[in-house]
Structures are given as C-alpha cells and as structure tokens.
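Trainee: need a structure here:
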Amino acid sequence: MRNHVLRPLFAAIVLVILILTARQIMVPSDFGVHGDSFTYNFYRAGAVKDWKNFPVSYKGRQYCAECHEDNAESIAKSKHAIIQCENCHGPAMDHPDNPEALTINRSRDLCLRCHMALPYPSSHREDIPSMNPDEDDLEKTCVECHNPHNPNLEDME
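Mentor: You can find the predicted model right below:
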C-alpha cells in the first residue's frame, strides 16, 4: 500500500487507541456492570449509595397533615385537594426544625400555572376557573381574596 492510504489508517488507529485509553481512565470501574440491558443497566453502582445518602426534600401531604390537621382537612374537601402542600409551601426538607426554610409562594404566577386561561381545545382546563384580567385586581395577590385551602370567595374570612 501507498503512504497516502497508510497514514490516515494509522491516524485512525491511533485515534481509536486514544479514545479507548481515555475511556479506560475516565469511566469508573463500577459503571455498567449490572447486566446486559443497554437501557437500564448502564449506571454507576456507587450512584445508588450516593442517592440513598442524598437528603429528601419533599415529604408529602401525610407529613404535613401530622401537624397541620385543620389545613389538611379543609384542603382535602376543596377543589385544590389534588395539589400537594409543597407545591405552594416549598419543600419541607428541614421543617419544622427550620421553619424559615419553608417559604410560602404567594405570587400570582403560582396560581396562574393552573388558572391562566388557555384558548387551546386540548388544554383540559374546562373545569378549572381561569383568571379574568378584567374582573381580578391585578395589584393584589390571589391569596388576598382567595383562601387556597378553601378557594371559594364566599368562604374568605
């Protein structure tokens, strides 16, 4: 063979050797040793231990209901029953040890995630009351007039 064919061939072989060497150095030894399935078994075994040691941020509705029975009962009877407490109140990771860490999102944007009028027929929001800018006071937050634990206006104290 001629040099013009051998040089690119040798360059390709060197490149493959460099890539395999870099892979051997950079990929952890416990990666992908869990079976033959490409989809589910290529992960680092040490990652399981790392995730088990990772602190849980969200505790769930039952955790909140242990101390906040009144709110849990009222929201369970309301139209917001499907919404988890931490969607509005934030993750309860350090609560009640660090109550300041649990901030309540009172912004209009939070309410508008569900209550923004969407003109699309596939939005599936027909049964959810949407915000009407002509009727709602845009200077106020929603919680000034609507109690999110009991969202009916007439039930506001």
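
Trainee: point out where this structure drops to low pLDDT.
Mentor: Scanning the chain with the threshold set as pLDDT under 70 gives 1, 33-41, 123-124, 132-135, 152-157.

Trainee: if we go to 50?
Mentor: Within the chain, the stretches with pLDDT under 50 are 155-157.

Trainee: need the helices for it, in chain order.
Mentor: 3-26, 45-53, 61-65, 69-76, 85-89, 108-115 (DSSP state H).

Trainee: so for the longest one, what gets flagged as buried?
Mentor: For helix 3-26, the neighbour count (16 or more other CB atoms under 10 Å) marks no residue as buried. For every residue, glycine as well, the C-beta is placed using N, CA and C.

Trainee: how about the fifth one?
Mentor: Along helix 85-89, these residues count as buried under the neighbour rule (16+ other CB under 10 Å): 85-86, 88-89.

Trainee: cool, the last one as well?
Mentor: Of all the residues in helix 108-115, those buried under the rule 16+ other CB under 10 Å are 110-111, 115.

Trainee: and for the fourth one?
Mentor: Buried residues in helix 69-76, counted by 16+ other CB under 10 Å: 71-72, 74-75.

Trainee: picking up where we left off before, need the helices of the chain in a markdown table (columns: distance to residue 131).
Mentor: Below are the helices of the chain laid out as a markdown table (distance: least, CB to CB, whole Å):
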| stretch | distance to residue 131 |
| --- | --- |
| helix 3-26 | 51 |
| helix 45-53 | 39 |
| helix 61-65 | 25 |
| helix 69-76 | 20 |
| helix 85-89 | 16 |
| helix 108-115 | 5 |
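
Trainee: still on that earlier bit, which among the buried residues of helix 85-89 gets closest to residue 138?
Mentor: Residue 138 has its nearest neighbour among those in residue 88, at 20.1 Å by CB to CB.

Trainee: can you give me the end-to-end distance of stretch 91-104?
Mentor: In stretch 91-104, first residue to last residue: 10 Å (CA to CA, to the nearest Å).
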